[in-house]
Every structure is written in C-alpha cells, then in structure tokens.
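Starting from these lines, generate the structure:
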Amino acid sequence: MNHCVVAQHLQDGNAGEKLARSWLEAQGLRHVQSNFRCKMGELDLIMLDGSCLVIVEVRYRSGNNHGGPLYSVTHQKRQKIFRTTRLYLQQHKALSKHPLRFDVLALHGPLDAPVIDWRQRAFCADDCY
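Residues are numbered from 1 along each chain as shown. Reported below is the predicted structural model:
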C-alpha cells in the first residue's frame, strides 16, 4: 500500500493560504484564483479589491525566526511574482484592464489563532527590475 505523506510545512502552507483567502474575503475582496502555477513561479492568491486586481503572496511562519514572514519576500521572489503575473495577465486578457496591486499577507503564530499582517502595496512592478 503506497500512501502519499505531505510534509507538515506544506500542510501548514496550504492551511495558511485557505485562512488568508477567507480572511481577505471577510475584508471585502473577491477571490479570482488560487495557486496559479507556471514554469516561472506561482501566484498564491489572485483577488479583486473593487476594480483593483490584487496579487497576494501569502507567507506563514510559526515563529518570527529570520525576520518573520514579511521579510522572506526577497527581491528574487518579487521578480518571480512579477514575471508570473505578466504571464497570467497574457492568458487572462480581461483582467489585464484592471489596476494592479501586489500585497503580502503574513501569518505568524499558531494557525488556529494567527497574527495577521496585511501589507497592501507591499511592492510594485518597478521593484522587480
């Protein structure tokens, strides 16, 4: 019998993304898509905030080691997000007409009662060049 075991950090990451989506929806954002993947990278959450298309990078850390989850979105990670967003918008032309915003939603602490830090406009496309 072959059972697939998912590593705990992946389980926590998936749970964190679901929690982030629910929390953002409670703030009035509308879900468009989760986990858009391509060879360039992945977009965790794609949401609409009014007419603004929001690309949300979700970061979860159980503790604040290494500066916490917000500081883990490096320049290289931002470049990947930007390139992946560009491809996503090429494939979803209707969404490319919306203003674009890049947010980071950081969760830290236990997943049953995390501290949530939502950074709107955490970075912009100009940061990625």
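
Doesn't Lys80 belong to a helix?
Yes - with DSSP: H, G, I helix; E, B strand; the rest coil as the criterion, Lys80 is part of a helix.

Excluding sequence neighbours, find me the nearest residue to it.
Excluding the flanking residues, the one nearest Lys80 by CB to CB, 6 or more residues apart in numbering is Gly41, at 3.8 Å. Heads up, the C-betas are built off the backbone N, CA and C, glycines and all.

Also Ala122?
Closest residue to Ala122 apart from its sequence neighbours, by CB to CB, 6+ apart: Val104 at 4.0 Å.

Remind me which helix or strand that neighbour belongs to.
Counting by DSSP states H and E, the element that carries Val104 is strand 100-108.

Report all helices and strands that that strand contacts.
For strand 100-108, the packing partners by 3 or more CB pairs under 8 Å, 6 or more residues apart in numbering; DSSP states H and E come out as helix 8-26, strand 52-61, helix 75-91, strand 115-123.

What about Phe36, how many residues nearby?
19 (other CB atoms under 10 Å).

The residue lying closest to it once chain neighbours are set aside: neighbour count?
Nearest non-adjacent residue to Phe36, counting by CB to CB, 6+ apart: Leu43, 4.4 Å away. Residues lying near Leu43 (other CB under 10 Å) number 22.

The one 4 residues further on too?
The number of residues packed around Met47, counting by other CB under 10 Å, is 24.

what's the answer for Leu89, then?
Counted with other CB under 10 Å, Leu89 comes out at 17.

for it, what are its contacts?
Going by CB atoms under 8 Å, 6 or more residues apart in numbering, Leu89 touches 95-96, 100.

Swap in 7 Å and give it another go.
The contact partners of Leu89, taken as CB atoms under 7 Å, 6 or more residues apart in numbering, are 95-96.
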